[in-house]
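Peer 1: Provide a 3D model corresponding to the input given below.
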Amino acid sequence: MGKNLFSCFEKYKDSNDIAIYYKNKKINYKDFYENVLKLATFLERVGVKKGDIVTLVLPNIPQCVYSLYAINVIGSVVNILHPLTKFNTILENMDILNSKYVILLETLYQDNINFFKDKDCDKYFIFVNPFSEDGFLKSFLFHFKYKKPKINNNVTLLDLFKHCNPKDLRENNIDDIEIKNINPIIVEDNNSEYDFRKDFRNFKLNFDIDNIENNLDYNIDNYLNSNNYSENNNDYTKISNNTSIIIHSGGTTGEPKIIELSDESINNLAENLNLDIMKEGPKNKSVLSVLPIFHCFGLCVGVHGFLYNKGAIYLMSKFNVDEVINGINKNKINSIIGIPSMFKKILEHDKFKSCNIENMHECFMGADASNLDIIRRFNEFTIGKKSNLLLCEGYGLSETCSVISVNTAKNYKIGSVGKPFSTVSVKIIDENGIELGRNKIGEIYIAGNTLMNRYFKDQKSTEDVFTMIDNVKYIKTGDIGYLDKDGFLFIKGRKKRVYKISGVSIYPKDVENIALSFTKYIKEASLEYFGSPKPHMILYLIKNENNKIDNNELIKKITDAIKEKTIKYNWPEKIIFLKEFPKTKLGKIDHNKLTKE
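Peer 2: Numbering: from 1, shown residues only. Predicted coordinates for the structure are as follows:
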């Protein structure tokens, strides 16, 4: 029987090595381990049980990571949503999954205050102050802008008890507590005193301590500061191949899917990082963890992949280039995993030119359409600095716990997404289900030790996406590509986005990459197919801000480049500039909406 996600940290539980960097805070493995177990004990007392689905709607802050693993410790399932998900959408999603518990930011309380007055609600809300890890002053000032949640049968805020021991509160009636024994809290920034006792008196009237076990909604932040947690390895180290994480994705068909992942597959992905990707492995390195954990790349690589291997994660809730460069210079960021737009911003930032890049070991790019121009420019810059650092593009799916193939310092070929991991098998299959040879274009099939369990309550889609070849289970990715003679994988585009004109296959990515090579002018590109009045292509473009080039001049430049590099069937009938593209909830271009507008 394999290990769950959290039990992998058992061997690090007494280590003083850094596990998490967050702003100016450092959290070592010992404190990280203890905080997770404190929170797990808290969630059990709230009522969370093994097998329950707990919805997690937090940005990349320490409480998010603690929550992820605490839910896993109990044997519950984590349902991860985008931190900006609208409140009504959160509720709808919880109904679909029959999730009764949700961990979310206090900011959502104020705009939905009437909802929380409903005593008949069947859901339980655990609110997190996003500034509780930033020190008392910021945490306190936060409530001047956002209303503090009031306690009822569905909402409980324990923030005022942060510096008390919850065990003591449970052992005594609230009226018997000696208020005079609670010291004022000192605000370190200016040494002024905040009278905790005054708010304690006001607050106690709203909270029935005798019924604390029945009050199913608490505030996480306070419990993390208590000493009331338990450690029970017999309970916490069992399950491995049951579903433990639920991720929301576009699916291999482009339709929204709910994906079930297991501890075993996610842990195997972490092992693959150590075996195949990183020079000397992630141990003792720190990765920029800014991709949200609702995204499989951010979760499986940017958080668990490094912590599993005793690396550190540099949490950032919102991408900030200045903070990234500062983190690199202070040797707090040694690796970056990101999307093309992130690397574009880093590359174009003035401070990056003098950045201490010798502190950097790896940069991996994926999760979005590639941009070869960014890769070339990045590599030219680092080579000019006499550095061996390369921007390495990779490829993967949520259905495979993210990355299955990536360029490395040892095996690198620009334009490709590298070689598949040693634990992964990739086949290229034609429309008749026949395996193709090298340099032949077809659909990419993937087998390996990181495959998803299934699509949630969608047996048909699950059966459609899996296939058996020689008694081995493969996922049909819906992506088109080929393996070259050296075993490097090249992606040509989505199967549903491969079109035919006069019998010739058109791969939109080829034309889009040409347009995107005009980095100075073009931010995004999408080539779309229209079947009437006759089959033709239209290229939609988003220009960079503050771009003063005449549209007709730019159209000529791009058209000339397309005609020079592709055959005539790829040429767009016209080029249209838009202010923005319609996007899916995952931030990808919504091609259906784009072609209908």
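Peer 1: which other residues reach stretch 103-115?
Peer 2: Residues outside stretch 103-115 that contact it (C-beta atoms under 8 Å, 6 or more residues apart in numbering): 54-59, 63, 67, 83, 87, 90, 116, 121, 125-130, 142, 146-149, 155, 157, 220. Every C-beta, even on glycine, is put in place using the N, C-alpha and C of the backbone.
Peer 1: Show me how to select, in PyMOL, the buried members of those.
Peer 2: Here is the PyMOL command that selects only those of these that count as buried (16 or more other C-beta atoms under 10 Å):
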select buried, resi 54+55+56+57+58+59+63+67+83+90+116+121+125+126+127+128+129+130+142+146+148+149+155+157+220
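Peer 1: Out of the contacts of stretch 103-115, name the ones that lie in helices.
Peer 2: In this view, the contacts of stretch 103-115 that belong to helices under DSSP state H are Gln63, Ser67, Phe87, Ile90, Phe142, Ile220.
Peer 1: Show me what the strand ranked longest in the chain is packed up against.
Peer 2: Using DSSP state E to define each element, the chain has its longest strand at strand 472-483. Judged by 3 or more C-beta pairs under 8 Å, 6 or more residues apart in numbering; DSSP states H and E, the packing partners of strand 472-483 are strand 425-429, strand 442-447, helix 459-465, strand 466-469, strand 489-494.
Peer 1: Can you tell me which of those is most buried?
Peer 2: For the helices and strands packed on strand 472-483, the largest average neighbour count (mean count of other C-beta atoms under 10 Å) is found in strand 442-447, namely a mean of 23.
Peer 1: Figure out how far that one is from the centre of its chain.
Peer 2: Remark: strand 442-447 is offset 24 Å from the chain centroid, using C-alpha atoms, centre = their mean, to the nearest Å.
Peer 1: May I have the strands that pair with the helix or strand that it is followed by, each with its orientation?
Peer 2: Using DSSP states H and E, the helix or strand that follows strand 442-447 in sequence is strand 454-455. Applying DSSP bridges to the sheet, strand 454-455 is found paired with strand 257-262 (antiparallel).
Peer 1: what mean pLDDT would you report for the strand it pairs with?
Peer 2: The pLDDT scores in strand 257-262 average 93.
Peer 1: Now do the helix or strand that it is followed by and strand 257-262, the angle between them.
Peer 2: Per DSSP H and E, the first helix or strand lying C-terminal to strand 257-262 is helix 263-272. Computed by axes from the mean of the first three to the mean of the last three C-alpha atoms, to 10 degrees, the angle separating helix 263-272 from strand 257-262 equals 80 degrees.
Peer 1: Can I get helix 263-272 as CSV, trimmed to CA atoms?
Peer 2: Presented in CSV, the C-alpha positions along helix 263-272 are these (Å, rounded to 0.1, in the frame of the first residue of the first chain):
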residue,chain,number,x,y,z
ASP,A,263,-2.2,10.2,-3.9
GLU,A,264,-0.3,7.5,-5.7
SER,A,265,-0.3,9.4,-9.1
ILE,A,266,0.6,12.7,-7.5
ASN,A,267,3.4,11.1,-5.5
ASN,A,268,4.7,9.4,-8.7
LEU,A,269,4.8,12.7,-10.4
ALA,A,270,6.9,14.1,-7.6
GLU,A,271,9.3,11.1,-8.0
ASN,A,272,9.5,11.7,-11.7
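Peer 1: CA-only coordinates of the helix or strand following that helix, as PDB, when you get a sec.
Peer 2: For helix 263-272, the succeeding helix or strand toward the C-terminus, using DSSP H and E, is strand 286-289. Extracted in PDB, the C-alpha atoms of strand 286-289 (Å, rounded to 0.1, in the frame of the first residue of the first chain):
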ATOM      1  CA  SER A 286      13.200  26.700  -3.700                       C
ATOM      2  CA  VAL A 287      10.600  27.000  -6.500                       C
ATOM      3  CA  LEU A 288       8.400  30.000  -7.200                       C
ATOM      4  CA  SER A 289       4.900  28.800  -6.400                       C
END
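Peer 1: how's the protein carved up into domains?
Peer 2: The chain breaks down by automatic domain parsing into domains covering 6-14+26-167+207-236, 263-494, 502-596.
Peer 1: just how off-centre is whichever strand or helix holds Leu104 within its chain?
Peer 2: Under the criterion of DSSP H and E, Leu104 resides in strand 101-105. Distance of strand 101-105 from its chain centroid, counting by C-alpha atoms, centre = their mean, is 17 Å.
Peer 1: buried set for the next helix or strand after that strand?
Peer 2: The helix or strand immediately downstream of strand 101-105 is helix 107-111, counting by DSSP H and E. Buried residues in helix 107-111, defined by neighbour count with 16+ other C-beta under 10 Å: Thr107, Leu108, Tyr109.
Peer 1: now do stretch 506-526
Peer 2: 506-509, 511-519, 521-526.
Peer 1: And for stretch 540-555?
Peer 2: By 16+ other C-beta under 10 Å, the buried positions in stretch 540-555 come out as Tyr540, Leu541, Ile542, Lys543, Leu554, Ile555.
Peer 1: Show me what that stretch is in contact with.
Peer 2: Residues outside stretch 540-555 that contact it (C-beta under 8 Å, 6+ apart): 515, 518, 520-528, 558, 575-581, 594.
Peer 1: for it, how far is the first residue from the last?
Peer 2: 11 Å (C-alpha to C-alpha, to the nearest Å).
Peer 1: now it: mean pLDDT?
Peer 2: Averaged across stretch 540-555, the pLDDT comes to 89.
Peer 1: Then stretch 515-527?
Peer 2: On average, stretch 515-527 scores 90.
Peer 1: what does it rub up against?
Peer 2: Counting by C-beta under 8 Å, 6+ apart, 344, 371-374, 377, 506, 508, 511-512, 537-545, 547, 549, 554, 557-558, 561-562, 572, 581, 589, 591, 594 sit against stretch 515-527.
Peer 1: In helices, which of those appear?
Peer 2: Per DSSP H, the contacts of stretch 515-527 map to helices at 344, 372-374, 377, 508, 511-512, 554, 557-558, 561-562, 591, 594.
Peer 1: Which members of the residues you listed are classed as buried?
Peer 2: By 16+ other C-beta under 10 Å, these give Lys344, Asp373, Ile374, Arg377, Pro508, Val511, Glu512, Leu554, Ile558, Ile562, His591, Leu594 as buried.
Peer 1: which residues touch the last one?
Peer 2: Contacts of Leu594 were listed using C-beta under 8 Å, 6+ apart, and they are Ser526, Glu528, Tyr540, Phe581, Pro582.
Peer 1: do the second one as well
Peer 2: With contacts defined as C-beta under 8 Å, 6+ apart, the neighbours of Asp373 are Leu516, Ser517, Thr519.
Peer 1: Kindly state the pLDDT recorded for the closest residue to Val57 other than its chain neighbours?
Peer 2: Nearest residue to Val57, sequence neighbours excluded (C-beta to C-beta, 6 or more residues apart in numbering): Leu104, at 4.3 Å. At Leu104, the pLDDT value in this model is 91.
Peer 1: Can you get me a residue count around Leu104?
Peer 2: 20 (other C-beta atoms under 10 Å).
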